[in-house]
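[1] Predicted coordinates and the sequence they were generated for:
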Amino acid sequence: MSRTGIWKLLGNVAVEGLPEAYSKATQWRARKTTCNAATPYGRLVVQKPVALKGGGSGTIAIQNPLAMLYHCVRTSASYSSLLKAKLDAQPPTPGAPWNLVLYQDGVDPSDGLAKNHSRKCVVFYWAFLELGMAALAHEEVWSTVTVVRASLVSQMEGRHV
């Protein structure tokens, strides 16, 4: 966890106190419940098949962007007000649609000195360019499309660099 993440977590604990339950199993169940949440645009996270080298297949979880946009607008007053202000200032049209920014990063939560880096992942994010550079500098406006273990990405058809 980053220093900023620890700072935010401890700030929430100071204001709200410790949650009643915070075990790994409780967090897993809460994450599954959130990911399975239904919106008018479908579930937040959907399973998609991927073709693997050698003719096999696998499955990865991918965020449903319209469902996530709906969820963020409904649950985050700050995101909702930012989006409304930007939509009022520059409404998208068929002739001038908004632009999506895609960003990919490698994440390795394991010990940097460890020999085995089996938890290394490839993460894809998206945001609207029209939110502006000031907003895009904050991780809160970036939605995570998918997180896939690097070992699975290397087995997928196509090329990833």
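    Okay, I see it. Numbers count the residues shown, from 1 in each chain.
[2] which secondary element of the chain has the worst mean pLDDT?
    helix 24-35 (a mean of 87; mean pLDDT, DSSP states H and E).
[3] Does residue 57 have any beta-bridge partners, and if so which?
    residue 51 (DSSP bridges).
[4] Could I get the contacting residues of it?
    49-51 (CB atoms under 8 Å, 6 or more residues apart in numbering). Where C-beta positions appear, they are placed from N, C-alpha and C, glycine not excepted.
[5] just the buried members of the residues you listed?
    residue 50 (16 or more other CB atoms under 10 Å).
[6] Any chance you could list what contacts the least confident helix or strand of the chain?
    For helix 24-35, the external contacting residues (CB under 8 Å, 6+ apart) are 43-45, 61.
[7] quick one: which of the contacts of residue 57 is nearest residue 130?
    Residue 130 has its nearest neighbour among those in residue 50, at 30.6 Å by CB to CB.
[8] I'd assumed residue 62 was in contact with the closest one.
    No: using CB atoms under 8 Å, residue 50 is not in contact with residue 62; the gap is 9.6 Å.
[9] SS state for the residue nearest the centre of the chain?
    Nearest to the geometric centre of the chain sits residue 144, at 1.7 Å (CA atoms, centre = their mean). Recorded secondary structure, residue 144: strand (DSSP: H, G, I helix; E, B strand; the rest coil).
[10] Show me what counts as buried in stretch 32-44.
    residue 44.
[11] Endpoint to endpoint, that stretch covers what distance?
    10 Å (CA to CA, to the nearest Å).
[12] chain center to stretch 68-82, what's the gap?
    Taking CA atoms, centre = their mean, to the nearest Å, the mean C-alpha location of stretch 68-82 is offset from the chain mean by 14 Å.
[13] where in this protein is pLDDT low?
    111-112, 114, 117 (pLDDT under 70).
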